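> kindly generate the corresponding structure for this input.
(2 chains)
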Amino acid sequence: AQSVTQLDSQVPVFEEAPVELRCNYSSSVSVYLFWYVQYPNQGLQLLLKYLSGSTLVKGINGFEAEFNKSQTSFHLRKPSVHISDTAEYFCAVSLMDTGRRALTFGSGTRLQVQP
Amino acid sequence: DSGVTQTPKHLITATGQRVTLRCSPRSGDLSVYWYQQSLDQGLQFLIQYYNGEERAKGNILERFSAQQFPDLHSELNLSSLELGDSALYFCASSQTGSVEKLFFGSGTQLSVL
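Below you'll find the model as predicted:
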């Protein structure tokens, strides 16, 4: 079975500072990797995904993530955050050999951007 | 707006009761997924349907059941409710049944008192 670990439950950061949200996974087979964002009182929205190819993936709102197979990590980064980036961020994996039928989510990281 | 509609947005009920949550997928999407989000369990996959057929099952309790109708909307039925069932229930849809492009609704907040 696969699992996802988001190492930080909360990350406070000042506006315009860089941020990294960490995600590690464990799986005995190859996986697809995703980052979702959840704004208050809303559903989840896909930020970016890694399916294959380049290990550096660019997403919406200036976010990017790098897939590191040897470290089994998929950390999310943004060079300069805005107040509007305050939200909960979820890392998720899907096994390649299950027909990609379900996502396993991490516990989430709450990004708090302060002025 | 993701295009996935969930009703009701909020539901308050008592222990032992039964409720039905409804989800209308995006136009053209054949697959519906149900997820439960709670403070202690996080986001848990419950069940997936594709074009009316059950496709995958996750951590869904026996007291819970779901179905997808011919018009592709889905209902999640929760019975013999317990306090611990209080959670945010999300529906998501995809066109092909793959999670590569999953669109989430804004959820139904269930409070069991």
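
> chain neighbours aside, what residue packs nearest to the residue positioned nearest the centre of chain A?
Compute the mean C-alpha point of chain A, and by C-alpha atoms, centre = their mean the closest residue is residue A:35, 3.3 Å away. Of all residues not flanking residue A:35 in the chain, residue A:47 sits nearest, at 4.4 Å (C-beta to C-beta, 6 or more residues apart in numbering or on different chains). (Each C-beta comes from the backbone N, C-alpha and C, glycine too.)

> okay, strands next: where are they in chain A?
A:3-5, A:10-14, A:19-21, A:24-26, A:31-38, A:44-50, A:56-58, A:64-68, A:73-78, A:87-95, A:104-105, A:109-114 (DSSP state E).

> mean pLDDT for those strands - can I get that in JSON lines?
Formatted as JSON lines, the strands of chain A follow (pLDDT from 0 to 100):
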{"stretch": "strand A:3-5", "mean pLDDT": "91"}
{"stretch": "strand A:10-14", "mean pLDDT": "97"}
{"stretch": "strand A:19-21", "mean pLDDT": "97"}
{"stretch": "strand A:24-26", "mean pLDDT": "92"}
{"stretch": "strand A:31-38", "mean pLDDT": "93"}
{"stretch": "strand A:44-50", "mean pLDDT": "94"}
{"stretch": "strand A:56-58", "mean pLDDT": "95"}
{"stretch": "strand A:64-68", "mean pLDDT": "95"}
{"stretch": "strand A:73-78", "mean pLDDT": "96"}
{"stretch": "strand A:87-95", "mean pLDDT": "92"}
{"stretch": "strand A:104-105", "mean pLDDT": "90"}
{"stretch": "strand A:109-114", "mean pLDDT": "97"}
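
> can you list those in CSV and add distance to residue B:46?
As requested, the strands of chain A are exported to CSV (distance: least, C-beta to C-beta, whole Å):
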stretch, distance to residue B:46
strand A:3-5, 17
strand A:10-14, 27
strand A:19-21, 26
strand A:24-26, 21
strand A:31-38, 17
strand A:44-50, 15
strand A:56-58, 28
strand A:64-68, 27
strand A:73-78, 24
strand A:87-95, 15
strand A:104-105, 12
strand A:109-114, 23
